[in-house]
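Engineer: missing the sequence, but the structure's below:
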């Protein structure tokens, strides 16, 4: 991804109100995206455990998948999710959570992306996801 | 895991939904409060929620469309509530998986409605389908399929309760 494209992507992501609402951020190392969900009490879904809301974990996984895909495409604009399947492995404890994603297949119109979310130990993910994303170059499904 | 899909043997009617206040349950969830989710209906195995549009939940500032994560959260929540409403007593549960199909962007400024049906309940697992829309289920924003594992924390918590230390 060129520096100009990275700047455009960064500006676009920085302007997403929902990302600010959740406390989502990202960093780029080489071509590798790591997304972070800062712990906030307002992201808790189970106050007894306590545990992060499953929907918020899904949002983190979708976010890292979209950002990694945009970086792989080298584009500043964002692909659209077609579907996302989240498999929950462990409850999300009230700490910062991280996510990385891998584009497993890049087609002309659609991309397959896998993502995982972890807290202290990346080898023990709290959730994994895979999804299909519509590439912006395809307008047939709009 | 063959017996997990065996039919529930209990003859007792599902009562959990009569024994608790769904809005109270929602309001006890910090993220439910943060999103402003309201329960508009609950019956055996079925639940309905609504969430008014909010600018701070937008995923695309150019269009004002809500972020997909908001829809995911709404469907996860309504699916959990539908599963709870199918139970004969309040039991702990955990989401095993959740699949979301995004069919169209949510319309800016419009309230999102979410409904879910627990169409199958076994001794260990609740299977739930859900739909998000703007008032017409024939024009869905997204559809979901989820499964929940039951009794995930009760034994542990019960033991902890008996032997406080």
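Structural biologist: Perfect, I can see it now. No experiment lies behind these values; they were computed from the predicted model shown.
Engineer: for the rest of this, base every contact and every neighbour count on C-alpha atoms.
Structural biologist: Will do.
Engineer: number of nearby residues for residue A:87?
Structural biologist: Residue A:87 is flanked by 21 other residues according to other Cα atoms under 10 Å in any protein chain shown.
Engineer: that one against residue A:131, yeah?
Structural biologist: No: contact criterion Cα atoms under 8 Å: residue A:87 and residue A:131 do not qualify, at 11.5 Å.
Engineer: now for those two: what residues contact both?
Structural biologist: Common neighbours of residue A:87 and residue A:131, counting by Cα atoms under 8 Å, 6 or more residues apart in numbering or on different chains, are absent.
Engineer: mind checking if the longest helix along chain B is in reach of chain A?
Structural biologist: Criterion DSSP state H: the longest helix present in chain B is helix B:68-85. Yes: judged by Cα under 8 Å from any Cα of the partner chain, helix B:68-85 and chain A are in contact via B:68, B:69, B:70, B:72, B:73, B:74, B:76, B:77.
Engineer: export these to CSV and tack on pLDDT and neighbour count?
Structural biologist: Shown next, in CSV, are the residues of helix B:68-85 next to chain A (pLDDT from 0 to 100; neighbours: other Cα atoms under 10 Å in any protein chain shown):
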residue, pLDDT, neighbour count
B:68, 93, 29
B:69, 94, 24
B:70, 96, 21
B:72, 96, 27
B:73, 96, 22
B:74, 97, 26
B:76, 96, 29
B:77, 96, 28
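Engineer: circling back to that earlier point, packing partners of the longest helix of chain B?
Structural biologist: helix A:54-73, helix B:16-19, strand B:38-43, strand B:46-51, strand B:93-102, strand B:112-121, strand B:125-133, strand B:142-150 (3 or more Cα pairs under 8 Å, 6 or more residues apart in numbering or on different chains; DSSP states H and E).
Engineer: so for the fifth one, mean pLDDT?
Structural biologist: Averaged over strand B:93-102, pLDDT sits at 95.
Engineer: now do that strand against helix B:68-85, angle only.
Structural biologist: Inter-element angle recorded for strand B:93-102 and helix B:68-85: 130 degrees (by axes from the mean of the first three to the mean of the last three Cα atoms, to 10 degrees).
Engineer: which residues does strand B:93-102 contact?
Structural biologist: Contacts for strand B:93-102 (Cα under 8 Å, 6+ apart): A:54, A:81-89, B:68, B:72, B:76, B:80, B:141-153.
Engineer: cool, the third one as well?
Structural biologist: Applying Cα under 8 Å, 6+ apart, the set of residues contacting strand B:38-43 from outside is B:17, B:22, B:23, B:26, B:47, B:48, B:49, B:50, B:51, B:82, B:85.
Engineer: how about a cut-off of 7 Å?
Structural biologist: Contacts of strand B:38-43 with the rest of the structure, by Cα atoms under 7 Å, 6 or more residues apart in numbering or on different chains, involve B:17, B:22, B:23, B:47, B:48, B:49, B:50, B:51, B:85.
Engineer: closest one of those residues to residue A:99?
Structural biologist: Among the contacts of strand B:38-43, residue B:51 lies closest to residue A:99 (Cα to Cα), at 27.3 Å.
Engineer: next one, pLDDT for residue A:97 please.
Structural biologist: For residue A:97, the pLDDT comes out at 98.
Engineer: I figured it hits residue A:40, correct?
Structural biologist: No: the criterion here is Cα atoms under 7 Å, and residue A:97 misses it with residue A:40 at 10.7 Å.
Engineer: fine by me, we can end here.
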